[in-house]
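Colleague: Mind looking at a prediction? Sequence and model below.
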Amino acid sequence: MKFHTSIIRAKYRNALAKTAAFIIKSAGTHSRPAPITTDSAKRFLIIRLDRVGDMLLSTPVFESIKKNIPGSSVTVLLNRYCRGVLKNNPYVDRIIEYGSKEYVKAVSAGYDAAVVLTYDFDLSSAFACYKSGAAIRVGFKDKYTDAFYNVEIEKDPRAKYEASRNIELLEKAGFKSSYSKPALFISAEEDAEGAQFFARNGIGTHDLVVGLHPGSKRKPRRWPVSSFASAASILRKKYGVKLVISEGPGENRLSRGLNALLGGNVPVLKPSSITGWAAVYKRMNLFICGDTGPIHIAMAVGLPIVGIYGKSDYSRWAPEDNPKLAIISGKGCSDIKVDEVVPAAERLLAEFTRK
């Protein structure tokens, strides 16, 4: 019998989790009761070891803690490539990169509460939570999680926006909480650089600007480059819009191909800091993008977006109450037609174009 590699990986991860849970339980330390209450917890370790978009949707948690728990401090444990999401964030006191030299010592620095935000069980996150030694260790309940957490939160299987789910985790754990939108914090210097990008590429303050992001690490989530080009050409001809292509790491081939189809003279926003990208995005009038990290950056700066989600479960990654977001979904991205995207783009341009 031939197994798919994802099945083999899942079995391997399950075996590791089972072994780690057995060792921790054998040591007899997993179920120690918390010596402090949620009302007295001040020092927080928030653990999020996944992607850029996930980290951005976690930012309301940091703000909630700082605003609702006087005297609190927030340390975030993350993957290195997510660090830029928290640049300039006033609600984060310290950042620890997973696997860094400071990780082992910093992750067990006397926290009152450690919270794993990841909805699906991740052994690295769960073990970091346990290793922190925090009196209160919170995470979503799953198989083996009782070895790592002493506050397990039952999962709600209903579709829910990830940012809202993160705040609910805090609330169900007993912490005072309030919701705010995911946010990025752009410095004055980055904002000036965003303006310079437009000026350098001949884009004026009164031009209509449409951003295009054809890339995604997951091929099924990519709308064809030819479709991007057709939609952009229609908008350029009909409304005289200026175009900007943004290109993530490893996406040069896609951006070059799109640029060639558009005549080769479209400015390209190269890989940069996340807040640097945000400084450019905030100056656009519309963004066309698939289900990938940049769409969350665009949402955070309030940019009108046509989101090409295809078969992705957008309910977890897109807020229902965002009037600036038009979602195209229900079938494979490659099957979505240009005449489905263009009308959505036209509606958003008409409704939200800055005067």
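Modeller: Now that the structure is in, tell me what you want to look at.
Colleague: Could you point out the helix or strand that follows the lowest-mean-pLDDT helix or strand in the chain?
Modeller: None of the helices or strands of the chain scores lower by mean pLDDT, DSSP states H and E than helix 5-27, at a mean of 53. Next in sequence after helix 5-27, counting helices and strands by DSSP states H and E, comes strand 43-48.
Colleague: what residues does that next one touch?
Modeller: 54-55, 58, 61-62, 65, 72-78, 82, 107, 110-118, 125, 128-129, 132, 134 (C-beta atoms under 8 Å, 6 or more residues apart in numbering). C-beta: built from backbone N, CA, C; applies to glycine.
Colleague: Could I have the buried ones of the residues you listed as PyMOL selection syntax?
Modeller: To isolate the buried ones among these in PyMOL, judged by 16 or more other C-beta atoms under 10 Å, type:
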select buried, resi 54+55+58+61+62+65+72+73+74+75+76+77+78+82+107+111+112+113+114+115+116+117+118+125+128+129+132+134
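Colleague: and the contacts of strand 43-48, which of them are in helices?
Modeller: If you go by DSSP state H, those have 54-55, 61-62, 65, 125, 128-129 in helices.
Colleague: Using the record's assignment, carve this structure into domains.
Modeller: Per automatic domain parsing, the domain ranges recorded for the chain read 11-173, 188-350.
Colleague: could the ones you listed go into CSV alongside distance to K181?
Modeller: Output for the domains of the chain, formatted as CSV (distance: least, C-beta to C-beta, whole Å):
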stretch, distance to K181
domain 11-173, 7
domain 188-350, 8
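Colleague: which one of the ones you listed has the lowest average pLDDT?
Modeller: Among the domains of the chain, domain 11-173 carries the lowest mean pLDDT, at a mean of 88.
Colleague: before we move on, back to that, so which of the ones in helices among the contacts of strand 43-48 is the closest to V306?
Modeller: D54 (22.1 Å; C-beta to C-beta).
Colleague: In space, what's closest to the closest one - neighbours in sequence excluded?
Modeller: R48 (6.2 Å; C-beta to C-beta, 6 or more residues apart in numbering).
Colleague: residues near the one you found, how many?
Modeller: Applying other C-beta atoms under 10 Å, we find 24 residues neighbouring R48.
Colleague: Would you map the strands across this protein?
Modeller: In the chain, the strands defined using DSSP state E lie at 43-48, 73-78, 94-97, 113-116, 136-140, 151-153, 209-213, 242-246, 268-269, 286-290, 305-310, 325-329.
Colleague: Of these, which is nearest F352?
Modeller: Between the strands of the chain, strand 286-290 lies closest to F352; by C-beta to C-beta that is 8.0 Å.
Colleague: re earlier: so how far is I295 from the residue nearest to D54?
Modeller: Distance of R48 to I295, given as C-beta to C-beta, to the nearest Å: 18 Å.
Colleague: One more: P271?
Modeller: Counting by C-beta to C-beta, the separation of P271 from I295 is 16 Å.
Colleague: ok, residues contacting stretch 213-220?
Modeller: Residues contacting stretch 213-220 (C-beta under 8 Å, 6+ apart): 222-223, 225, 228, 245-248, 250-251, 254-255, 257-258, 287-292, 294-295, 310-311, 332-333.
Colleague: Any of those buried? List them.
Modeller: Among the contacts of stretch 213-220, the ones that count as buried by 16+ other C-beta under 10 Å are 222-223, 225, 228, 245-248, 251, 254-255, 257-258, 287-292, 294-295, 310, 333.
Colleague: Which residues belonging to stretch 271-287 are considered buried?
Modeller: 272-287.
Colleague: Identify, from the ones in helices among the contacts of strand 43-48, the entry nearest to F185.
Modeller: Nearest to F185 among the ones in helices among the contacts of strand 43-48, with distances taken as C-beta to C-beta, is F62, at 11.2 Å.
Colleague: In contact with the residue lying closest to the closest one once chain neighbours are set aside: list those residues for me.
Modeller: Distance criterion C-beta to C-beta, 6+ apart; nearest residue to F62, sequence neighbours excluded, is Y91 at 4.0 Å. Contacts here follow C-beta under 8 Å, 6+ apart; on that basis Y91 touches 59, 62-63, 65-67, 74.
Colleague: give me that answer again for 10 Å
Modeller: With contact set as C-beta atoms under 10 Å, 6 or more residues apart in numbering, Y91 has these partners: 59-67, 72, 74, 76, 180, 183, 185.
Colleague: How many neighbouring residues does the residue lying closest to F185 once chain neighbours are set aside have?
Modeller: Leaving out its chain neighbours, the residue that sits closest to F185 by C-beta to C-beta, 6+ apart is N88, at 3.8 Å. Using other C-beta under 10 Å, N88 has 12 neighbouring residues.
Colleague: do you know how far V210 is from I288?
Modeller: 7 Å.
Colleague: gap between S100 and N79?
Modeller: 10 Å.
Colleague: More neighbours: which of those two?
Modeller: N79 (17 against 13).
Colleague: Does that one touch E97 like I think?
Modeller: Yes - applying C-beta atoms under 10 Å as the test, N79 and E97 come out as touching, 7.2 Å apart.
Colleague: G174 and S40 touch, don't they?
Modeller: No - between G174 and S40 there is no contact under C-beta under 10 Å: 11.2 Å.
Colleague: Mind listing the shared neighbours of these two?
Modeller: What both G174 and S40 touch, as defined by C-beta under 10 Å, 6+ apart, is the set 113, 136.
Colleague: Chain neighbours aside, what residue packs nearest to G240?
Modeller: The shortest distance from G240 to any non-neighbouring residue, by C-beta to C-beta, 6+ apart, is to L208 (6.7 Å).
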